[in-house]
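> okay, here's the prediction I keep looking at, along with the sequence it came from:
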Amino acid sequence: MAIDGPAAAGKGTISKAVAAHFGFAHLDTGLIYRATGRRVLDGEDPLQAARALVPADLARGDLRTPEVAQAASRVAALPEVRAALVNFQREFARRAGGAVLDGRDIGTVICPDAEAKLFVTASDEVRAARRLAELAPRFPDLTLAKVLDDLRARDARDAEREAAPMRPAKDAVQLDTSKMDIGEAVAAAIRVVQDRLPPSA
Ligand code: DC
């Protein structure tokens, strides 16, 4: 199943919970771009960085920072970087037993035939407040205004790029989580998936 949407809309939490509920594997594809962006910040060429990725890169503890998020969004705009990362994502999606992938282009480009597609959104202000709450313990000097600016810059770059821009697939169900708590958002997502799974599942 494909779960797309902008930063901090709730995709990650929803994807993990949906995968746990149905017993599917889960891949946060943002981590792939973050790991590539991290290598580029460390001085590597973007395409070399994407080609050199190994599973341990995705487990690095320094990927969830504002600097790496912006670097990820920048490398993600390069068509050759995206092309280098397609096979890994498609192979993960095809694994027996089912998989949930979350990202920006899963329902449109990586898995256009996914059984269920969700596009998760929330207002800019709600997303910025959620991201600030997540980052504040590690980055005490961050402000809501700075987080909001960063999110908007990243969304604009992700949505306006030519290569696999962030957009809902035509057959995606849109889920606005602005006024939902985690439990409500997860329950809504599970209903969407349940309705689309073959009856035997
Ligand atoms: O989901 P995230 O915030 O960790 O993603 C980081 C960046 O990676 C995001 O700003 C754009 C890029 N990305 C992408 O282009 N395509 C994906 N499928 C996932 C992430």
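The structure has been received and is ready for your questions. Model, not experiment: these values are computed from the prediction. Residues are numbered from 1 along each chain as shown.
> quick one: the helices in this structure?
11-22, 30-41, 46-52, 55-58, 66-75, 79-93, 124-135, 144-160, 182-196 (DSSP state H).
> so where is the chain shaky, pLDDT-wise?
The chain contains residues with pLDDT under 70 at 200-201.
> how about the residues of it that lie near the ligand?
Counting by C-beta under 6 Å from any ligand atom, the chain comes close to the ligand at 7, 29-30, 33-34, 69, 72-73, 76, 103-106, 154, 158. The C-beta positions use only the backbone N, C-alpha and C, and glycine is treated the same way.
> one more time with 5 Å
For the chain, the residues in contact with the ligand (C-beta under 5 Å from any ligand atom) are 7, 29-30, 33, 72-73, 76, 103-104, 154, 158.
> so how many other residues sit close to Arg94?
9 (other C-beta atoms under 10 Å).
> quickly note the distance from the closest residue to Val120 other than its chain neighbours to Ala169.
Nearest in space to Val120, with sequence neighbours left out and distances taken as C-beta to C-beta, 6 or more residues apart in numbering, is Gly5 at 3.7 Å. Gly5 is 11 Å from Ala169, where distance means C-beta to C-beta, to the nearest Å.
> rewinding a little: just give the number of residues close to the residue nearest to Val120.
27.
> so who does it touch?
11, 104, 118-121, 166 (C-beta atoms under 8 Å, 6 or more residues apart in numbering).
> okay if I get these as CSV plus neighbour count?
Below are the contacts of Gly5 laid out as CSV (neighbours: other C-beta atoms under 10 Å):
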residue, neighbour count
Lys11, 29
Arg104, 27
Leu118, 28
Phe119, 24
Val120, 26
Thr121, 19
Met166, 23
